[in-house]
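S.K.: Need coordinates for the below:
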Amino acid sequence: MDLTENTTKPVVLPVILKGPNYLLWSRTTKAVLCGRGLWNHIENVQSSNEADKEDDEKKSSSEKDTKEAKKEKWFQEDQAVLSLLQNSLDAPILEAYSYCETAIDLWNTLKNVYGNLTRVFAVKKAINNLTQEDMEFTKHFGKFRYLWAELEMLRPSTLDPATLNERREQDKVFALLLTLNSSYNDLIKHLLRAEKLPSLDSVCSQVQKEQGSFGLFSGKSELSSANKGAYKHEDKKSLMCDHCKKKGHAKDKCWVLHPHLKPSKFKEHKANLTQESGEDQSQAGASKQGGEMAMIANGDDFVRKSDLEALFKSIASLKESGY
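M.R.: So this is what the prediction gives:
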């Protein structure tokens, strides 16, 4: 069966692989290939070893022609599957893995890149940090199920004792790496890029070496300084003075009880504020006094309308009396 059988339109995968959506892409791609009877190009590869060549020599010419025709058909279908996979890749990913010449080579390469230890660690970290908060339970449970489904796909169920022991050791290493702070991010990336995850003892040894290298080019450990600064900042916020009832310091560091502990820059700043405040009050008093004096000085030249009306009434009454 080919990709155009029973349809006039070419097959297009519904999901474009961009990296983090590898689980969704691989599932939808497998469903399409299985529906077209082409999944055998991912699971099986035609062999062309020496035994096949010897058998070809014993076969008749017609049998050889039949086998060559089957090989040709297989090659055409495989290139069609390869083209289908390539068309479902995001441009940067296609450019990076365009060297793969068969469908199974491309599929296994993508699986190793996006289904490797780094992705397993990322999914475990996402599950560990997943919280509902204000999200509806249905949506929260959907994310939870999606992450576990991806983890089960990356690490399928097995009864093989060797595989189970290997995964048990990996889980211990993952649990340890999840507890480390951001100072070890480069080391974590280095460990996860390996084809096989080191043992827990080996990882502990590398973590200790990394911790020792933090202070190699400085007077003190960068990790210790970072942690010390973080804890100091958090502890200072939680302090409460029993005397002044203010946050940020303890009673033995209170400036009210111990004025000598107050930094000089704060004393100078307060003195400057006091001096400026006194000058402002003096200027304000002088301005107010000057304003009142100006009003008094200008009072002799000021004639009110009521005074004029009273003067006019007095003159009118004198006229009426014959004066």
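S.K.: Find the nearest non-adjacent residue to Val32, please.
M.R.: Across the structure, with Cβ to Cβ, 6 or more residues apart in numbering as the measure, the residue nearest Val32 apart from its sequence neighbours is Leu13 (5.9 Å). Yep, even glycine has a C-beta here, placed from its N, CA and C like the rest.
S.K.: My assumption is that that neighbour lies in a helix; please confirm.
M.R.: No: judged by DSSP: H, G, I helix; E, B strand; the rest coil, Leu13 forms no part of a helix; its state is coil.
S.K.: My read is that Glu169 contacts Ser199, right?
M.R.: Yes: the pair formed by Glu169 and Ser199 meets the contact definition of Cβ atoms under 8 Å, at 6.1 Å.
S.K.: Could you check which of those two has the larger neighbour count?
M.R.: A count of neighbours by other Cβ atoms under 10 Å puts Glu169 above the other of Glu169 and Ser199, at 16 against 13.
S.K.: From Ile93, how far off is that one?
M.R.: When distances are taken as Cβ to Cβ, to the nearest Å, Glu169 and Ile93 turn out to be 31 Å apart.
S.K.: try Val32
M.R.: Distance, Val32 to Ile93, by Cβ to Cβ: 18 Å.
S.K.: again, but for Leu24
M.R.: The gap separating Leu24 from Ile93 is 15 Å, by Cβ to Cβ.
S.K.: Which secondary structure state does Trp148 sit in?
M.R.: In three-state terms, and counting by three-state DSSP, Trp148 is helix.
S.K.: Tell me how many other residues crowd it.
M.R.: Trp148 has 12 neighbouring residues, counting by other Cβ under 10 Å.
S.K.: From here on, call the first residue 24.
M.R.: With 24 as the first residue, the last one maps to Trp171.
S.K.: That one reaches Ile150, doesn't it?
M.R.: Yes: under the criterion of Cβ under 8 Å, Trp171 lies in contact with Ile150, with a separation of 7.0 Å.
S.K.: the more surrounded of Leu47 and Ile116?
M.R.: Neighbours per residue, other Cβ under 10 Å: of Leu47 and Ile116, the larger number sits with Ile116, 18 against 15.
S.K.: who's in contact with the more buried one?
M.R.: Going by Cβ atoms under 8 Å, 6 or more residues apart in numbering, Ile116 touches 40-42, 133.
S.K.: Swap in 10 Å and give it another go.
M.R.: Under the criterion of Cβ atoms under 10 Å, 6 or more residues apart in numbering, the contact partners of Ile116 comprise 39-42, 109, 133, 136-137.
S.K.: a markdown table for those, including distance to Thr51 and neighbour count?
M.R.: Written out in a markdown table, the entries for those read as follows (distance: Cβ to Cβ, whole Å; neighbours: other Cβ atoms under 10 Å):
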| residue | distance to Thr51 | neighbour count |
| --- | --- | --- |
| Ile39 | 10 | 13 |
| Leu40 | 10 | 21 |
| Lys41 | 13 | 14 |
| Gly42 | 15 | 13 |
| Gln109 | 16 | 15 |
| Leu133 | 14 | 21 |
| Val136 | 18 | 15 |
| Tyr137 | 14 | 20 |
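S.K.: quick one: which of those sit in helices?
M.R.: In helices, judged by DSSP state H, the following of the contacts of Ile116 are found: 109, 133, 136-137.
S.K.: What number of residues are in the vicinity of Ala103?
M.R.: Neighbouring residues of Ala103 were enumerated by other Cβ under 10 Å; the total is 19.
S.K.: what kind of secondary structure is it in?
M.R.: Under three-state DSSP, Ala103 comes out as helix.
S.K.: separation between it and Asp157?
M.R.: From Ala103 over to Asp157 (counting by Cβ to Cβ), the distance is 48 Å.
S.K.: Then Lys53?
M.R.: Distance of Lys53 to Asp157, given as Cβ to Cβ: 36 Å.
S.K.: and the two? which has more neighbours close in?
M.R.: Neighbours of Lys53 and Asp157, each counted by other Cβ under 10 Å, are more numerous for Lys53; the result is 13 against 5.
S.K.: Leaving out chain neighbours, which residue sits closest to Tyr207?
M.R.: In space, Tyr207 comes closest to Glu233 once its chain neighbours are excluded; the distance is 6.2 Å by Cβ to Cβ, 6+ apart.
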